[in-house]
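Participant: after the sequence you'll find the predicted model.
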Amino acid sequence: MRLTLRSAVITIVLGLIAGIAGMGIGHLLFTAPAPHDISLHGMVHGELTLTAEQDAQIDGLERTFAARRKALEGELRQANSELAAAILKTQTPGPEVELAVHHFHDAMGKLQAETIDHVFAMRRILTPDQRAKFDSRIQQALTAGGQ
């Protein structure tokens, strides 16, 4: 299948927008707590009154996820570098550009899937009342720009 320059540019732009959106959601949901923290992390640790056992379990999940997220964000940066190199190397869209776009989409999909898995893992640790507050924050984070 031969890509046109227009479709390649659209694909690249959409991929970059998706990447930025994904990283923004990840940042909103999982940044370290700060004064008046509105992140999911800050909400979980500051508003849900976790038991010591819940706190320890969630801390373990967060450490594991932070390491995995860092690796996946590195893969996204690598895919962006590959895409930039492919665009500079070729005069028209072709297999190298297409491969780099697919690598970026694959890395973004992995990050999104692992973020969602992490949310559900934390959710399973919470009591029904805590889960209702948690779910409300998730819903706010995911719909903030669309209202």
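Facilitator: Okay, I see it.
Participant: quick one, helices of this structure?
Facilitator: Applying DSSP state H to the chain gives helices spanning 5-30, 40-47, 52-89, 95-125, 128-143.
Participant: okay, the ones you listed in CSV with mean neighbour count and mean pLDDT next?
Facilitator: C-beta here means a position set from N, CA and C on the backbone, and glycine is covered the same way. Below are the helices of the chain laid out as CSV (neighbours: other Cβ atoms under 10 Å; pLDDT from 0 to 100):
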stretch, mean neighbour count, mean pLDDT
helix 5-30, 15, 65
helix 40-47, 18, 77
helix 52-89, 15, 90
helix 95-125, 17, 90
helix 128-143, 14, 86
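Participant: tell me the confidence at the residue sitting furthest away from the middle of the chain?
Facilitator: Distance to the chain centre peaks in the chain at residue 91, reaching 31.8 Å (criterion: Cα atoms, centre = their mean). We have a pLDDT of 75 for residue 91.
Participant: how close does it sit to residue 11?
Facilitator: Distance, residue 91 to residue 11, using Cβ to Cβ, to the nearest Å: 17 Å.
Participant: so what's the closest residue to residue 50 other than its chain neighbours up against?
Facilitator: Take residue 50 and drop its neighbours on the chain: the residue closest to it by Cβ to Cβ, 6 or more residues apart in numbering is residue 58, 6.8 Å away. By Cβ atoms under 8 Å, 6 or more residues apart in numbering, the contact list for residue 58 reads 44-45, 50, 122, 125.
Participant: kindly recompute the last result at 10 Å.
Facilitator: For residue 58, the contact set (Cβ atoms under 10 Å, 6 or more residues apart in numbering) comprises 41, 44-45, 48, 50, 121-122, 125-126.
Participant: good, wrapping up.
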